[in-house]
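Trainee: Sequence plus the predicted model coming up.
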Amino acid sequence: MSKLDLSSPLGGKDLERREKNAQVERTNLLNMLKLSIKALIESYMELRKQITDGHRELEQFFIILEDILRHRIKTKRNILGAKREFLGALEAVEKVHPDLTSNLTSAKTMPGIRTTLGKCRAWLRLSLMGKCIADDFKALVDNKELLIDWYEMDSMMFTEDAIVIAGLLQSLNALDYNLTSDGSEFDIEGPAIDFSMFLKDGNYLAHPKTSDPHTSPTHSASPNTNEFSVLLDQKAYLEELNKKLTQELSQANLIMEQQGLNLKSEKSEKSSMEQKLDDTAKELFELKSVVESSSLVHRKELEVITSDLDIERETYQHSRSTLNELYQAVQKQLESELKLRQEVEKELSSQRHLRSESEVATRLLEKNIQEKQDSIISMREQLSETKISLVQMQNKIEEQTEIAGDQSQRIESLETTCGGLSKDNQILRNEIQKNKEQLQISQHSNTQLTTALNESEQRFQNTERDLKMEKQWRTTLQSELEQVNATNVVLAKDSEQLAVLKTEHETLQHRVGDLQEACAEQEIALVEMGQSLSNAHQNLSNIKQSNTRTWVQDGATNECQKCQKAFTIKRRRHHCRNCGGIYCATCSDNNFSIAASSKPVRICDS
């Protein structure tokens, strides 16, 4: 059956189904426990001897009790991947209920056990042998607030059925057990519940149906064979009793030897305890003197601390007043500097606007200069072309003069042609004059362009000067801002120093409180030491009383010291752990805790 987490958002039908399933599980487990306890008691009454390992009813009882203790346990896995067992719940309850410590520690330290499941099974067997399983289970039920981290709210441990189970387990204290402490088999996962042994006629599948009861094998056997089987059973029973009696005798001898050794060790412990008591008395006297001296020193330190605190308060108040004045002055400076900063920002914005305008003007001037430079280049090209044409004309004139010198003889014939040539020369001279006028005009335009360039360079230099002035103004403003930031840092440091002074004042106050608490704790420790000394004296007196008892030997008497009935195989000897006498089981059927042992032991009726 799958277990669900109650914290998950389930619907109404799922919750009802879960509650019904949990209720069915609880009723089934309770009924199975009742049947197993009944079967265990009936088998004990039939055998009339101690229950040992391998007992079928006992194994089924342990399986059912493990299922009850593991019912609806939270399925949280650890690092190794194993499921959680109820050992953690026992450890949590052990802190509140110290009677669980003896069985738990012995189960944890048992050799051969490695898993938590094996430790849980060992604890169940030890508590059953010690006849304290009902008390331990009741301790778990009474401390339900400690089981919330281990069990779900609908488990068996949080219902009234757990109280019924504690009452049922109380009936098992009347039985005697002799279980071995071999933990090698505890780690192995056990078998499931055998339901066949709890049916009315056993497992009906194993018995074939018979129509006539007289034909069954039980009725067909002769009375002689029945008597013989009874005698064999009695013989086997007597042999087992003899073996157990010899084992018990050997164990009793070992116990006697151990008790003799224990008496010697108790005497040595008694002497050591007396020495320890003397040492503790001396230590108490020394502690009192140390506490008195430490209290005087603490008082002096408190006085010095109070005087130091008064002086520090005065200095703190004086420094606080001066710091307040400084803070007000710094605030005024900050306000004035903020105003100046706003004015400077306004000037910076206006200068940025002027700078953008100057950049636009310089760009326009550069465009004009480029256009004029292009026109000058074109004029220079034209001048070079005119120069080339003039050189060509001069060359032609020279050639013509040479031709005229050579052909001086033909001058007369060519006079008519000379008149035409003179006219051409005049035309050429006119063209040369026109070219000279154009050169003068181009030179005048060049001079104008150079003057314009000079003026633009002067404007550019003026703008550079203005930019340099703006940069210097910016640097001065940045230096002033840095000074303001430095003053702010100084103020922040002063405020941090004030916070440090406050924290030191608070630590001094805490130190005074801690010293007072330490004085109170030392006084409480002295009181507790006195109580421990008184308890030690009481334990010594109890040990002395327990040592005065006389342990009667087994062969000293053959009858009970109270009812005076003779001891037989059925009526066995039992020692009283209080007086040391020998009694029968009916006259010593009491279990109480005495000063000599931490566990409840057998005590006589007297």
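Mentor: Received the coordinates, thanks.
Trainee: Please make it C-alpha for all contacts and neighbour counts, starting now.
Mentor: OK.
Trainee: After the longest helix seen in the chain, which helix or strand is next?
Mentor: Ranked by residue count under DSSP state H, the longest helix found in the chain is helix 223-406. Remark: after helix 223-406, the chain's next helix or strand is helix 415-547, criterion DSSP states H and E.
Trainee: elements contacting that following helix?
Mentor: Contacts defined by 3 or more CA pairs under 8 Å, 6 or more residues apart in numbering; DSSP states H and E place helix 415-547 against helix 223-406.
Trainee: Tell me what angle the helix it packs on forms with helix 415-547.
Mentor: If you take axes from the mean of the first three to the mean of the last three CA atoms, to 10 degrees, helix 223-406 sits at 160 degrees to helix 415-547.
Trainee: please renumber so the chain begins at 15
Mentor: In the new count, where the first residue is 15, that last one comes out as helix 237-420.
Trainee: Would you check the distance separating helix 237-420 from the middle of the chain?
Mentor: Helix 237-420 sits 21 Å away from the centroid of its parent chain (CA atoms, centre = their mean, to the nearest Å).
Trainee: what about it, average pLDDT?
Mentor: Mean pLDDT, helix 237-420: 78.
Trainee: for stretch 522-538, same thing?
Mentor: Here stretch 522-538 scores 79 as its mean pLDDT.
Trainee: What residues sit buried inside it?
Mentor: 522, 526, 529 (16 or more other CA atoms under 10 Å).
Trainee: give the contact list for the first one.
Mentor: Okay, so that is L522. I319 (CA atoms under 8 Å, 6 or more residues apart in numbering).
Trainee: And it, how close does it get to L512?
Mentor: Going from L522 to L512 by CA to CA, to the nearest Å gives 15 Å.
Trainee: Could I get the CA-only coordinates of the strand or helix carrying L131 as CSV?
Mentor: L131 is part of helix 130-143 when elements are defined by DSSP H and E. The C-alpha trace of helix 130-143 is given here as CSV (Å, rounded to 0.1, in the frame of the first residue of the first chain):
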residue,chain,number,x,y,z
THR,A,130,19.9,0.1,11.8
LEU,A,131,17.4,-2.6,11.3
GLY,A,132,19.6,-5.1,13.1
LYS,A,133,20.0,-2.6,16.0
CYS,A,134,16.2,-2.2,16.2
ARG,A,135,15.7,-5.9,16.4
ALA,A,136,18.4,-6.3,19.0
TRP,A,137,16.7,-3.6,21.1
LEU,A,138,13.4,-5.4,20.9
ARG,A,139,14.9,-8.7,22.2
LEU,A,140,16.9,-7.0,25.0
SER,A,141,13.9,-5.1,26.2
LEU,A,142,11.7,-8.2,26.1
MET,A,143,14.4,-10.2,28.1
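Trainee: which residues are in contact with it?
Mentor: 76, 80, 99-101, 117-118, 121-122, 127, 147, 150, 186-187, 190-193, 195, 197, 199-202.
Trainee: Check which helices and strands the host helix or strand of I82 is in contact with.
Mentor: I82 is part of helix 70-83 when elements are defined by DSSP H and E. Judged by 3+ CA pairs under 8 Å, 6+ apart, helix 70-83 is in contact with helix 26-61.
Trainee: so what does the helix it packs on touch, helix or strand wise?
Mentor: Using 3+ CA pairs under 8 Å, 6+ apart: helix 26-61 touches helix 70-83, helix 175-184.
Trainee: can you pull the buried residues of the last one?
Mentor: The neighbour-count criterion (16+ other CA under 10 Å) identifies 176-177, 179-180, 182-184 as the buried residues of helix 175-184.
Trainee: Looking at these, which is nearest D388?
Mentor: A176 (113.9 Å; CA to CA).
Trainee: Would you mind confirming that the closest one is in contact with S169?
Mentor: No - counting by CA atoms under 8 Å, A176 sits too far from S169 to count as a contact (9.7 Å).
Trainee: Show me the contact partners of stretch 99-115.
Mentor: With CA under 8 Å, 6+ apart, stretch 99-115 has contacts from 83-84, 87, 130-131, 133-134, 150, 153-154, 157, 160-161, 164.
Trainee: That stretch - what's its average pLDDT?
Mentor: pLDDT averaged over stretch 99-115 gives 85.
Trainee: Can I get that stretch in PDB, CA atoms only?
Mentor: What follows is stretch 99-115, C-alpha atoms only, in PDB (Å, rounded to 0.1, in the frame of the first residue of the first chain):
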ATOM      1  CA  GLU A  99      14.000   3.000  10.900                       C
ATOM      2  CA  PHE A 100      12.400   3.700  14.300                       C
ATOM      3  CA  LEU A 101      15.900   3.700  15.900                       C
ATOM      4  CA  GLY A 102      16.000   7.500  15.400                       C
ATOM      5  CA  ALA A 103      12.700   7.900  17.300                       C
ATOM      6  CA  LEU A 104      14.100   5.800  20.200                       C
ATOM      7  CA  GLU A 105      17.200   8.000  20.300                       C
ATOM      8  CA  ALA A 106      15.000  11.200  20.400                       C
ATOM      9  CA  VAL A 107      12.900   9.800  23.300                       C
ATOM     10  CA  GLU A 108      16.100   8.600  25.100                       C
ATOM     11  CA  LYS A 109      17.000  12.200  25.900                       C
ATOM     12  CA  VAL A 110      13.800  12.600  27.800                       C
ATOM     13  CA  HIS A 111      13.400   9.100  29.100                       C
ATOM     14  CA  PRO A 112      16.800   7.800  30.400                       C
ATOM     15  CA  ASP A 113      15.600   4.300  31.100                       C
ATOM     16  CA  LEU A 114      16.000   3.500  27.400                       C
ATOM     17  CA  THR A 115      19.800   4.100  27.400                       C
END
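Trainee: Run the chain-centre distance for the helix holding L131.
Mentor: On CA atoms, centre = their mean, the centre of helix 130-143 falls 32 Å from that of its chain.
Trainee: Quick one: work out the angle between it and helix 70-83.
Mentor: If you take the same axes, to 10 degrees, helix 130-143 sits at 120 degrees to helix 70-83.
Trainee: Quick check: next helix or strand after helix 130-143?
Mentor: The helix or strand immediately downstream of helix 130-143 is helix 147-156, counting by DSSP H and E.
Trainee: name the helices or strands packed onto that next one?
Mentor: helix 101-108, helix 130-143, helix 175-184.
Trainee: Kind regards, and thank you for your time.
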